[in-house]
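**Student:** Quick one: sequence plus predicted model below, questions after.
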Amino acid sequence: MEHWYYYVLLVVVGIVVGIINTMSGGGSLLTLPVLIFIGLPSNVANGTNRIAIVIQSIFNIAGYQSKKAIDKSWFPIYLSISATIGAIIGAKLAIDIKGELFNKILAVVMVTVVGFMVFRPKQNFSQLADRITGKYLKYSVIAFFFIGIYGGFIQAGTGIFILLLLSSINHLTLIKSNIIKVIVMFIYTLAALFMFGMNLKLDWIAGLTLASGQAVGGWFTSRWSVNKGDGIVKVFLVIMVIGMAIKLWFF
């Protein structure tokens, strides 16, 4: 990197993004512009961002595990396999294709989604049975294939979609959804990272520097959020959806 303060910038941004990604998602809308600002081409920035996501996911999982919060079931594995297939397709597209039009479509979708979140009847998912078998498992597997395509393509906001799908389709609490989110994202992002690496679209120095900050933010936030419940996660979720929609449409 050209200037020493780029390292400081990446670490500080990484800590903030580690918190954001753990609580809801959308942190890549901050990291991608920063990586481009320090001089990386957009497709290299897109690939390099995955280095930090993979490492942060490891620390997220370790943080949740330290609180004994991870439920060892096959459900996240099924979703991860589906998302990984989609991510390979999405990453292949991302290497050469720009996504400006898709970002505008995504902004409209996200405004619709946040409206649904705000105005839908309140439900206490902690008092409802988890729906992770039968037809609901099939719905989720199909949905996560398309999430994988988008995640492999640009990543930004994938965590938000995962939280919304798991709470709506499977009636999982946001805390449970967050834990599944980091497991699925870790697995499919590894596949996307491999695709970008095979095409020489990675800057390992920038990626590992950013990852050091995200690991710190992700570790502490994953441990802290387990005891805070769904309320604080939902606040972050709504704020990030609104912020992402504005960013995608206007910038």
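**Tutor:** Structure received.
**Student:** so the residue nearest the centre of the chain is in which element?
**Tutor:** Compute the mean C-alpha point of the chain, and by Cα atoms, centre = their mean the closest residue is Gly159, 3.4 Å away. Element membership for Gly159, per DSSP states H and E: helix 158-169.
**Student:** next structured bit after that helix?
**Tutor:** Downstream of helix 158-169 (by DSSP H and E), the next one is helix 174-198.
**Student:** tilt between whichever helix or strand comes after that following helix and helix 174-198?
**Tutor:** Counting by DSSP H and E, the element after helix 174-198 in chain order, helix or strand, is helix 204-226. Angle between the axes of helix 204-226 and helix 174-198 is 170 degrees (criterion: axes from the mean of the first three to the mean of the last three Cα atoms, to 10 degrees).
**Student:** Give me the buried stretch members for helix 204-226, please.
**Tutor:** Of all the residues in helix 204-226, those buried under the rule 16 or more other Cβ atoms under 10 Å are 206-207, 209-223, 225-226. C-beta here means a position set from N, CA and C on the backbone, and glycine is covered the same way.
**Student:** residue boundaries of the helices in the protein?
**Tutor:** Secondary structure of the chain (DSSP state H): helices at 5-23, 28-37, 42-66, 75-94, 100-119, 134-153, 158-169, 174-198, 204-226, 230-250.
**Student:** Next, count neighbours for the closest residue in space to Leu40 that isn't next to it in sequence.
**Tutor:** Nearest-residue entry for Leu40: Asp203, 5.7 Å, with adjacent residues in sequence omitted and distances by Cβ to Cβ, 6 or more residues apart in numbering. The number of residues packed near Asp203 is 20, by other Cβ atoms under 10 Å.
**Student:** separation between Asp203 and Ser73?
**Tutor:** Note on Asp203: its distance to Ser73, by Cβ to Cβ, to the nearest Å, is 37 Å.
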